[in-house]
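Asker: I would like the atomic coordinates for the input below:
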Amino acid sequence: MSRMRTVHRCGECGATAVRWAGRCPACGAWNALVAETLAPESAAGAGLGGCAQPLSEVDATPAAVHPTGIGELDRVLSGGLVPGSVTLLGGEPGIGKSTLLVQALATMAGGGDRCLLVSGEESSQQVRLRAERLDAVVDGLWIVAETSLPAVLAAVDQIDPAVLVIDSIQTMIDPEVGTSPGTVSQVQACTTRLTQMAKSRNLATVLVGHVTKDGSLAGPRVLEHVVDTVLSFEGERHHALRLLRATKHRFGATGELGLFEMADRGLVDVPDPSGLFLGDRRTGVAGSVVVPAMEGHRPLLVELQALVTRSSLVQPRRSGLGLDVGRLGLLLAVLERRVRLPFGKFDVYASAVGGVRVVEPAADLALALALVSALNDVPLPSDVVACGEVGLAGEVRQVGRTAPRLAEAARLGFRHAIVPVSSPDPPEGVEAVRVATLADAVAVLRATADRRAPARTRPTLRSVALAPR
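Answerer: Sure thing, here's the model as predicted:
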């Protein structure tokens, strides 16, 4: 008689080891091996039934997509869900994953697509109550509260949906695997079988995944290689803003960003995120600079704020919220070395307002100006944006896609842009103030807001002309 056997499987790469070790021998991840008890035999997964053929004879016609009817979700998915595709949606608990999918399924079912929602965490009654609150009770939307994978496959055979949602993959159980639900073996086996079914039936499938405390998707990392699309749903619990990104997408670009606002009746598209980010902005405050950032192909105007206070510590604090803290330290070093500004005795706090994260180098110039503004208590004019990368030598370098950045700034009423000398000409209505070094940008800040001059005689950006060094 065969015995049950125990193996230790890595939660990052899925590799197995005969005994526990502090570090995975395959990928090197620390404390990633988890003990699992395997059944004597496991059924091998079926293939997709494909046959070899010349590449030139493969039909290259793109598959018709199923639009979800939610504009921001379709933006990230490049139009909608592709038949036969498998999408993995991850996010923290309570962020709105189930709400977003129920709204999308209701819209698609209302358009004629038969949809099936498999709820492994909530009862059918709980889902019905949420659907009533979201006004998402429509014909064509089916639900089954089930965690057994064979029962889920039987429900798919019975209903024959066009779209299938599994909420969540960590609750699914394949009896042939013989381990507890949520283990690496169970998650990997269930995902593999659901992927095979999606490809064979041409069924658009969405899997909801849990995330770990560091924000990464729970389960083996091989899941992200098996599925076609990996979506990340992010946001702060204390902010209504939600951000949807595609970290992997086989049917389109991965640079698009979808923005939603959590309202009383569910998630609402945010077509004008820049206006939302700047809606409560106070003008005339030192340490505030607006940067035209890019999220994929979408320009976003985000306010960067800085606060500089004298420190009583031997090692002053350096804190960044929504920013790259390493980049913040680099800019402080450049300002102290190249511009001779004494940040070494001050605590520095910086943040990107609105719950969005800005980590691209294009925000260097705006963040540096916000730091100098806070240090000297000198505000910039309210109609100024800044954009540029700062090098270790103090030079200001050009960044990509400057034209759409400044076009978005012009649309929202900004009239001046501090940019590198090599930047292209700005759109009509925006005046470019070109700087070659960070010292030049600091000089612009001091010249445009000389607090010692009367308000009516203070110099403006039009009166400042700096020659490249």
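Asker: Could you use CA atoms for every contact and neighbour count after this?
Answerer: Will do.
Asker: which regions of this structure lie under the pLDDT threshold?
Answerer: In the prediction, the chain carries residues with pLDDT under 70 at positions 1-5, 12, 14, 37-50, 62, 212-222, 237-238, 448-469.
Asker: centroid residue for it?
Answerer: Ranked by distance to the mean C-alpha position of the chain (C-alpha atoms, centre = their mean), the top residue is Arg245 at 4.0 Å.
Asker: before we move on, which element is it in?
Answerer: strand 241-249 (DSSP states H and E).
Asker: For that strand, give me every contacting residue.
Answerer: 73, 76-77, 95, 228-236, 254-262, 354-355 (C-alpha atoms under 8 Å, 6 or more residues apart in numbering).
Asker: Now, those residues that are in helices?
Answerer: Using DSSP state H, the members of the contacts of strand 241-249 that fall within helices are 73, 76.
Asker: Weed out the non-buried ones from the contacts of strand 241-249.
Answerer: 73, 76-77, 95, 228-235, 254-262, 354-355 (16 or more other C-alpha atoms under 10 Å).
Asker: and stretch 376-387, which residues are buried?
Answerer: Here stretch 376-387 shows 377-387 as buried, counting by 16+ other C-alpha under 10 Å.
Asker: Closest one of those to Arg9?
Answerer: Distance to Arg9 across these (C-alpha to C-alpha) is lowest for Cys387, with 46.9 Å.
Asker: So Ala368: helix, strand or coil?
Answerer: Secondary structure assignment for Ala368 (DSSP: H, G, I helix; E, B strand; the rest coil): helix.
Asker: Equivalent analysis for the one 10 residues further on, please.
Answerer: The three-state label for Val378, taken from three-state DSSP, comes out as coil.
Asker: phi, psi of the closest residue to it other than its chain neighbours?
Answerer: Leaving aside its chain neighbours, Val378 sits nearest to Ala286 (5.2 Å; criterion: C-alpha to C-alpha, 6 or more residues apart in numbering). With angles defined as degrees, to the nearest 10, Ala286 sits at phi -70, psi 150.
Asker: Same check on Cys387?
Answerer: Torsion angles, degrees, to the nearest 10, at Cys387: phi -150, psi 130.
Asker: just checking, it touches Ala363?
Answerer: Yes. Contact status for Cys387 versus Ala363: in contact at 6.0 Å, counting by C-alpha atoms under 8 Å.
Asker: helices and strands around the longest strand anywhere in the chain, which ones?
Answerer: Criterion DSSP state E: the longest strand present in the chain is strand 298-310. Judged by 3 or more C-alpha pairs under 8 Å, 6 or more residues apart in numbering; DSSP states H and E, the packing partners of strand 298-310 are helix 273-277, strand 288-295, strand 346-352, helix 364-376, helix 402-411.
Asker: who does the stretch of helix or strand Met197 belongs to touch, helix- and strand-wise?
Answerer: Taking DSSP H and E as the definition, one finds Met197 inside helix 184-201. Judged by 3+ C-alpha pairs under 8 Å, 6+ apart, helix 184-201 is in contact with strand 5-10, helix 222-226.
Asker: what's the angle from the first one to helix 184-201?
Answerer: If you take axes from the mean of the first three to the mean of the last three C-alpha atoms, to 10 degrees, strand 5-10 sits at 80 degrees to helix 184-201.
Asker: Next SSE downstream of strand 5-10?
Answerer: Assigned by DSSP H and E, the successor of strand 5-10 is strand 16-17.
Asker: wouldn't Glu363 be in contact with Glu389 here?
Answerer: Rather than Glu, residue 363 is Ala. Yes. The pair Ala363 and Glu389 passes the contact test of C-alpha under 8 Å, sitting 6.8 Å apart.
Asker: So between the two, which is more surrounded?
Answerer: Using other C-alpha atoms under 10 Å, the more surrounded residue of Ala363 and Glu389 is Ala363, with 25 against 20.
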